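Colleague: sequence unknown, structure follows:
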């Protein structure tokens with residue numbers, strides 16, 4: 001799907017988006033800060049504190065800013081019509097998840113695919129977007145749900161336009177469960193083939209205070225970067241030929 005040379009090029013491009021400027025200032029780093037924040041509760045065996053009275057606002061804002069940085073508050077996005085409080089049910093849900101939800105990554109997709117899908121469905125059930133009439137609600141897109149799963153748990157790439165283009169799929173905001181299972185299976189195969197190279201990029205995430213982070217990029221994020229950049233390349237090449 002992607003050569004070793006392409007993987008190195010895409011990863012280098014991702015980690016140097018501003019040339020000589022500070023990577024911490026780029027929107028990409030919002031993933032790192034969000035991921036570090038939620039993982040700190042899991043690693044500290046204190047998941048319930050994510051939605052505690054003293055943490056709920058910060059938890060919501062961490063998630064919201066990451067989602068905004070990665071395009072979920074633009075255009076016709078339903079999130080754009082709401083304040084960050086619309087994410088409170090999601091944060092409450094996250095605070096009641098099990099250790100198993102946090103332990104899923106590409107390396108164990110084959111044996112954990114049912115749990116991964118179950119988590120996807122449960123998050124989807126927590127989000128509705130009311131518009132005026134309370135009877136009219138919009139369900140979250142596959143893109144939004146997988147963005148949340150990536151930013152909090154780090155257990156699946158985000159199925160956005162670039163990623164879908166990068167893996168050779170037509171872009172879809174509402175992917176069916178069978179198709180999603182197929183994509184996860186393809187990702188597992190890619191991991192099995194390229195693990196030797198992916199391991200090189202299991203580096204520390206960026207920390208907000210610029211000290212060394214104790215968290216490393218999950219495989220799901222590394223693969224997300226590769227195909228996000230691949231899709232970006234395809235889209236840009238298509239524009240040049242039209």
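Modeller: On my side now, so go ahead. Not measured: the values here are computed from a predicted model.

Colleague: which stretches of this structure have low pLDDT?
Modeller: 17-21, 130-138, 172-173, 242 (pLDDT under 70).

Colleague: that one: helices as residue ranges?
Modeller: For the chain, the helices defined by DSSP state H occupy 4-15, 29-43, 56-69, 88-94, 99-102, 109-126, 142-152, 161-166, 177-198, 219-240.

Colleague: relative to residue 210, which of these is closest?
Modeller: Closest of these to residue 210 is helix 29-43, at 10.3 Å (criterion: Cβ to Cβ). Heads up, the C-betas are built off the backbone N, CA and C, glycines and all.

Colleague: center of this protein, which residue is that?
Modeller: residue 150 (2.7 Å; Cα atoms, centre = their mean).

Colleague: contacting residues around that one?
Modeller: 31, 156-158, 220-221, 224 (Cβ atoms under 8 Å, 6 or more residues apart in numbering).

Colleague: could you export those as JSON lines, including distance to residue 14?
Modeller: Putting the contacts of residue 150 into JSON lines (distance: Cβ to Cβ, whole Å) gives the following:
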{"residue": "31", "distance to residue 14": "10"}
{"residue": "156", "distance to residue 14": "18"}
{"residue": "157", "distance to residue 14": "13"}
{"residue": "158", "distance to residue 14": "14"}
{"residue": "220", "distance to residue 14": "14"}
{"residue": "221", "distance to residue 14": "10"}
{"residue": "224", "distance to residue 14": "10"}
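
Colleague: specify which member of these is nearest to residue 129.
Modeller: residue 158 (18.8 Å).

Colleague: and the closest one, what does it touch?
Modeller: By Cβ under 8 Å, 6+ apart, the neighbours of residue 158 are 70, 143, 146-147, 149-150, 224, 228.

Colleague: which phi and psi does it have?
Modeller: With angles defined as degrees, to the nearest 10, residue 158 sits at phi -90, psi 130.

Colleague: kind regards, and thank you for your time.
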